[in-house]
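**Student:** Could you work out the structure for the sequence below:
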Amino acid sequence: MLKNQKILIVFILLWPAILLAQTSIYVSPRGRDANMGTASKPFASISKVVAEARKISGEAVIYLTEGS
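**Tutor:** Alright, predicted model coming up:
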């Protein structure tokens with residue numbers, strides 16, 4: 001198979017995963033806005049989460065975790 005054909009086949013097989021991919025961003029009162037927004041290192045403020053979500057192309061899911 002030609003290299004271009006292999007690339008095309010891989011792209012076609014991965015396309016559904018690309019379309020269904022989403023980014024999860026976490027925010028917690030115990031977080032820090034300098035963090036990465038992951039489950040283990042959440043952001044601290046809603047405004048930071050919104051700013052980061054706007055930078056993402058595609059769907060972003062924001063999780064609000066409990067605080068004290």
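
**Student:** Can you tell me the number of residues neighbouring residue 35?
**Tutor:** Number of residues near residue 35 (other C-beta atoms under 10 Å) recorded here: 16. C-beta coordinates here come from the backbone N, C-alpha and C atoms, glycine included.

**Student:** repeat for the one 3 residues further on
**Tutor:** The local packing count at residue 38 equals 12, with neighbours defined by other C-beta under 10 Å.

**Student:** Please list all residues in contact with it.
**Tutor:** Residue 38 makes contact with residue 26, according to C-beta atoms under 8 Å, 6 or more residues apart in numbering.

**Student:** could you redo the last one with a cut-off of 10 Å?
**Tutor:** Residue 38 is in contact with 24-26, 31, counting by C-beta atoms under 10 Å, 6 or more residues apart in numbering.

**Student:** And residue 66, by the same measure?
**Tutor:** 28-30.

**Student:** Can you classify the spatially most central residue of the chain as helix, strand or coil?
**Tutor:** Central residue of the chain (C-alpha atoms, centre = their mean): residue 23, 2.0 Å from the mean position. Under DSSP: H, G, I helix; E, B strand; the rest coil, the three-state class of residue 23 is strand.

**Student:** try residue 61
**Tutor:** Once three-state DSSP is applied, residue 61 turns out strand.

**Student:** what's it in contact with, if anything?
**Tutor:** 22-26, 53.

**Student:** Would you mind measuring from it to residue 33?
**Tutor:** Between residue 61 and residue 33 the distance is 19 Å, computed by C-beta to C-beta, to the nearest Å.

**Student:** Residue 47 too?
**Tutor:** 9 Å.

**Student:** picking up where we left off before, compare the contacts of residue 66 and tell me which has the most neighbours.
**Tutor:** Neighbours here mean other C-beta under 10 Å. Within these, the largest count is held by residue 28, at 18 neighbours.

**Student:** May I ask which helix or strand of this structure has the lowest mean pLDDT?
**Tutor:** Ranking every helix and strand in the chain by mean pLDDT, DSSP states H and E puts helix 3-20 at the bottom, with a mean of 70.
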